[in-house]
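S.K.: The amino acid sequence is not available; the structure is as follows:
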């Protein structure tokens, strides 16, 4: 009996769109082969120059920017992202995302299109959730005491990212199921996984309705505001797991069950940069362009970055220690271009 996938075409809910800046207001269309969607999270990074990352979401609202490579608080950028449209997003002249002739990539996710008040946890939250695609955007106000927050997904998230919005200086906290609730890692740093799960996640794994918070000011300071991006695994569309490096240029193959559009990895067992590969910047193998969520670097091409993106997963083609150290542990998240059933080799 043929497999039926909840998301038969990843282009309907996730996009990696490259574009060139004009220095003037422009609309970025995420259509690919006639398929498009209205994004609820837009993450923009300059490719041709050193620029900070820019994150916008439909729950916090247009013009509200945070940066994954810094610990700055949320800022209002009147010439940043100015609209979420039915086929993409509109930007103003902010140089960080629209310098004339500079190149950029905009990673986008669909969170379902409407925001509701969620009272499943001890903290009431504003939630926009796409249960089919396993993605939600959550905003809440901290209490300073152990708490829970509803995520709206209906299944336990495999990964979520939390950033304090209202004051500067706090890291981007990341929960990943492969590390467990006793540990955390930070999207804005190169640090290895730390045993900070008690303070961050109250040493409690998320459930089908809520994720847990400890008393860390980075996720739950009294009266401060936060945003959380929550991701659940969806067969044929998204995968969150870990792999062990072998230290060889013939590196490990990681099965995802689909041809990835986007892959994010981090060495969790030692200091290392986060890395992003996507098939818009790298349409053919070997994939050799990396961007780094924790740094403002331009697109980097190097032998040490080599990957193959395949019909059912990805394979490391480097012995670089930050991606494939012998015995090293790595976490990843990946989103589909196509499920394996429909995917072709590149």
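M.R.: Okay, I see it. Source: prediction; values computed, not measured.

S.K.: Residue 322 belongs to a helix?
M.R.: Yes. Counting by DSSP: H, G, I helix; E, B strand; the rest coil, one finds residue 322 located in a helix.

S.K.: Relative to residue 277, how far out is it?
M.R.: 13 Å (Cβ to Cβ, to the nearest Å). In this view, the C-beta of every residue, glycine as well, is placed from N, C-alpha and C.

S.K.: just residue 255 next, same as before
M.R.: Residue 255 sits 16 Å away from residue 277, going by Cβ to Cβ.

S.K.: Which helix or which strand is home to residue 97?
M.R.: Using DSSP states H and E, residue 97 falls within helix 95-98.

S.K.: Going along the chain from that helix, find the next helix or strand for me.
M.R.: Sequence-wise, the next helix or strand downstream of helix 95-98 (DSSP H and E) is strand 103-109.

S.K.: Now do that next one: which elements does it pack against?
M.R.: If you count contacts as 3 or more Cβ pairs under 8 Å, 6 or more residues apart in numbering; DSSP states H and E, strand 103-109 packs onto strand 14-20, strand 41-46, strand 88-91, strand 275-278.

S.K.: Could you save those as TSV and add columns showing mean pLDDT and distance to residue 132?
M.R.: Formatted as TSV, these follow (pLDDT from 0 to 100; distance: least, Cβ to Cβ, whole Å):
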stretch	mean pLDDT	distance to residue 132
strand 14-20	97	12
strand 41-46	98	16
strand 88-91	98	20
strand 275-278	95	22
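
S.K.: And the ones you listed: which comes nearest residue 200?
M.R.: Nearest to residue 200, of all these, is strand 41-46, at 21.5 Å by Cβ to Cβ.

S.K.: For the closest one, which strands pair with it and how are they oriented?
M.R.: Paired with strand 41-46 in the same sheet, following DSSP bridges, are strand 54-57 (antiparallel), strand 103-109 (antiparallel).

S.K.: Distance from that strand to the middle of the chain?
M.R.: 10 Å (Cα atoms, centre = their mean, to the nearest Å).

S.K.: So which bits of it are buried?
M.R.: Judged by neighbour count (16 or more other Cβ atoms under 10 Å), strand 41-46 contains these buried residues: 41, 42, 43, 44, 45, 46.

S.K.: Which of residue 255 and residue 277 has more residues huddled nearby?
M.R.: residue 277 (23 against 14; other Cβ atoms under 10 Å).

S.K.: Give the full set of residues in contact with that one.
M.R.: By Cβ atoms under 8 Å, 6 or more residues apart in numbering, the contact set of residue 277 is 260, 262, 263, 287, 289, 290, 305, 307, 309, 314.

S.K.: Fine, thanks again, bye for now.
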